[in-house]
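> The following comprises the amino acid sequence and a computationally predicted model.
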There are 2 protein chains.
Amino acid sequence: MTHTLHNALLLTPGPVTLSMATKREMLADHAMDGERITRDLGFCRDYLLQLANARGIAAAIPLAGPATGANEAAIQTLVPPGGKLLVAANGVFGDRLAAICAAIGLRHRVLRLPPTEPVSAAKLRTALSADAEISHVMAVHCETSSGLLNPVEEIADLCRERGKKLLLDVVSTFGALATDMRALRCEALILGCNKCLEGPPGLAWVIANLDSLKAAKGHARSLTLDLWEQWRHFETEDSFRFTPPTHVIAAFAQALREHQNEGGQKARLSRYARNRARLVDGLRELGFTSLLPPEIAAPIVATFLAPNDAAYDPIRFAQRMSQQGFQISLRRAAVPNLLRLGCMGDLDESRMTAAVKAAGRALRDMRVTAPPPEHVLPQAQFGP
Amino acid sequence: MTHTLHNALLLTPGPVTLSMATKREMLADHAMDGERITRDLGFCRDYLLQLANARGIAAAIPLAGPATGANEAAIQTLVPPGGKLLVAANGVFGDRLAAICAAIGLRHRVLRLPPTEPVSAAKLRTALSADAEISHVMAVHCETSSGLLNPVEEIADLCRERGKKLLLDVVSTFGALATDMRALRCEALILGCNKCLEGPPGLAWVIANLDSLKAAKGHARSLTLDLWEQWRHFETEDSFRFTPPTHVIAAFAQALREHQNEGGQKARLSRYARNRARLVDGLRELGFTSLLPPEIAAPIVATFLAPNDAAYDPIRFAQRMSQQGFQISLRRAAVPNLLRLGCMGDLDESRMTAAVKAAGRALRDMRVTAPPPEHVLPQAQFGP
């Protein structure tokens, strides 16, 4: 398999590589209120609700823009003005949630943990006990800045026990990791079209509890990020309030059909887990060390500390990977010099094997020598 | 020329039909911080500044999402918390600006005019005299809800005379109508990638005066709609703060190259004016009446009152047009039963002739009979 730069595969943890069939849907133009976009949106909303096991209890509401915008919309619409939000943050994306609260002037507290420590019920309980005014809790399912997986069931259990409402940023996990909104009894899931759903970036979603949504009129201090208004408009007009990214919507519907055809969430998780195992095995042999132990590492992104060799230069490494058709990103990492490789997107084991070979060539070009195998940790245990 | 529904031409006033070369750019995936997207964005920013004659005095700042989001970002970032905005509104899109002010809690006044009356210096002067607290004025260049063109030079002259800062929504005109930011001395232009620039929807821009931008730190009450932060991030990191619609960006760069190759703003205006003339001539013969006299009608959208015949059914008309490969929209009109046909996008006179023929067939199917020619108004006088 050869790739020109034009057809580079993305090993970034988002945007991810899309299938050609998904991208080909962007070759047609559609009216924003026309039959095709209305049908595609209807399918997407229903499919997302089904994936979240939330049919009948929640609405799936699309918002044009980045998932961070959907997080901002969910926070300001679903946490009432008198509420107070506890943000559990152990990385770049948790910090962003706290930054949203600060920007919109919402009362909040931050439970800040190191990037290698998952949010635990114990720490959350302490934080809740310290401030009785807290009404809502928000956490990130997978911190893509480190690859850390937070235990959402444990967090949800505690929130129910303490009578706190829970919002979950599942941007980087939804579609591959199971998220059962009925079982979790959470207020909202926030996600984008990209990542594990393998649609183009540019459109985000909030799956919001219907009762909470109905009570949220007038909460938002924004026109475009008012989730209540966006929901009402879909209920009454079956369309967006403001011009949506029509090409992205058409492609996203195709991406969800492919998700369905692949076998849904379990099949996707299983493919990503295989991708990740191939990547981790290969890069360890080349001298990289996994940042996280397998029990807290998400199967959607693999994070590594570089080989302990002064000849290793992350920028040159990225350039050499790019020349071989693999795009990687050095930004948004929770710790310096972290190599974060996405396992999501239209990738399979053969492409991961090619990526490992490319990484080996990049290291040889830099004259980084692979060390003798030190310790072989057991592989991550994610399966369907 | 035959069209399947898949390849329908959009006669909506946005989204507009894109060239195939522009859409084909969406067939590749790109990393958000990679070489390609960084280069495309650099070109787009520079080209937009050049189009606005604003090199050296302004920055072009992209924001993922609808142009209404960019309007909201511009208003809350550029009008300081102590400021007061006068919104000149003569249609749906002017009303939206007022709705933004209400939503974000910004002090404002609305100068509301009928959808067929352009904003005049006289009315604006009266409104400004009535409230000395007004610091900023905002107007819409073309009200696509009616096709009405507001006289931005006249508005800008008065704002300078009265010492008010001016923000202009040029979403539906930029790229086809000349907008000289240096001459207008306005604070900001707000635009999207679609409409006259013929890129996909999903990304919007604010071209903001540099001095005003530098003074705008901390004004915004939003994380994602903070224009100052977005600008600073580009200055320091040369990238988006949050995942942008990468496919849309790549396509937009191609759309701007095509704008350049076509001959820039003047050539585009000239093509749209020819499109509009063909449409207006043809539809008048079929019994439609122009809503606006030519001197205040924008060349980007043609608006008509339906034939005075009980057999005319707007929904059936839209369906019959759709079956013949032309998508039209019946929503977002400033007056009931208005037919709004866009002249923008990858359309030329031959496609407009085909559209007129399709409209004729649709009327015949509904048994609407064309009346004898009543009055022939002179054609709109838009030329390069």
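Right, received. Where do you want to start?
> Output the longest helix belonging to chain A.
Of all segments of type helix in chain A, defined using DSSP state H, the longest is helix A:264-285.
> how about the residues of the stretch 201-350 of chain A that lie near chain B?
A:201-203, A:220-226, A:237, A:239-248, A:251, A:322, A:327-329, A:331, A:345 (C-beta under 8 Å from any C-beta of the partner chain). Glycine gets a C-beta too; all of them are placed from N, C-alpha and C.
> So which of those residues sit within strands?
Mapping those onto strands (DSSP state E) picks out A:L203, A:Q327.
> List the buried residues for the longest helix of chain A?
Using 16 or more other C-beta atoms under 10 Å in any protein chain shown as the burial criterion, the residues of helix A:264-285 that qualify are A:264-265, A:268-280, A:282-284.
> So which elements touch it?
helix A:246-262, strand A:301-305, strand A:338-342, helix A:349-365 (3 or more C-beta pairs under 8 Å, 6 or more residues apart in numbering or on different chains; DSSP states H and E).
> can you list these in JSON lines and add distance to A:E154?
Putting those into JSON lines (distance: least, C-beta to C-beta, whole Å) gives the following:
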{"stretch": "helix A:246-262", "distance to A:E154": "27"}
{"stretch": "strand A:301-305", "distance to A:E154": "21"}
{"stretch": "strand A:338-342", "distance to A:E154": "25"}
{"stretch": "helix A:349-365", "distance to A:E154": "31"}
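> between these, which gets nearest to A:Y312?
Across those, A:Y312 has its closest neighbour in helix A:349-365 (7.5 Å, C-beta to C-beta).
> That closest one vs strand A:301-305, what angle?
Counting by axes from the mean of the first three to the mean of the last three C-alpha atoms, to 10 degrees, helix A:349-365 points 20 degrees away from the direction of strand A:301-305.
> Dig out what A:A208 forms beta bridges with.
Beta bridges link A:A208 to A:A59, A:A188, judged by DSSP bridges.
> wait, what's in contact with it?
When contacts are counted by C-beta atoms under 8 Å, 6 or more residues apart in numbering or on different chains, A:A208 touches A:A58, A:A59, A:I61, A:A74, A:T77, A:L78, A:E187, A:A188, A:L227, A:W231.
> Which residue is the nearest non-sequential neighbour of whatever residue of the stretch 1-150 of chain A ends up closest to chain B?
Going by C-beta to the nearest C-beta, chain B is nearest to A:G65 of the stretch 1-150 of chain A, at 3.3 Å. Distance criterion C-beta to C-beta, 6 or more residues apart in numbering or on different chains; nearest residue to A:G65, sequence neighbours excluded, is B:G65 at 3.3 Å.
> Surely that neighbour touches A:P62?
No - with contact defined as C-beta atoms under 8 Å, B:G65 does not count as touching A:P62 (11.4 Å).
> and these two? which has more neighbours close in?
B:G65 (32 against 23; other C-beta atoms under 10 Å in any protein chain shown).
> Look up phi and psi at the more buried one.
phi 120, psi -170 (degrees, to the nearest 10).
> Just the pLDDT for it.
At B:G65, the predicted lDDT confidence score is 98.
> ditto for A:P336
Looking at A:P336, its pLDDT reads 81.
> before we move on, what about the one 4 residues further on?
pLDDT, A:R340: 94.
> ok, now which ones touch it?
A:R340 touches A:12-13, A:144-145, A:147, A:301-304, A:328-329, A:332-333, counting by C-beta under 8 Å, 6+ apart.
> all strands of the stretch 51-200 of chain A, in order?
Shown for the stretch 51-200 of chain A, the strands assigned by DSSP state E, counting those that start in this stretch span residues A:58-64, A:85-89, A:108-112, A:136-140, A:142-143, A:148-149, A:165-169, A:188-192.
> Doesn't A:A333 belong to a helix?
No - under DSSP: H, G, I helix; E, B strand; the rest coil, A:A333 falls outside any helix and is assigned coil.
> Quick one: neighbours of it, just the number.
22.
> wait, isn't it in contact with A:E143?
No - between A:A333 and A:E143 there is no contact, the gap being 10.6 Å when judged by C-beta under 8 Å.
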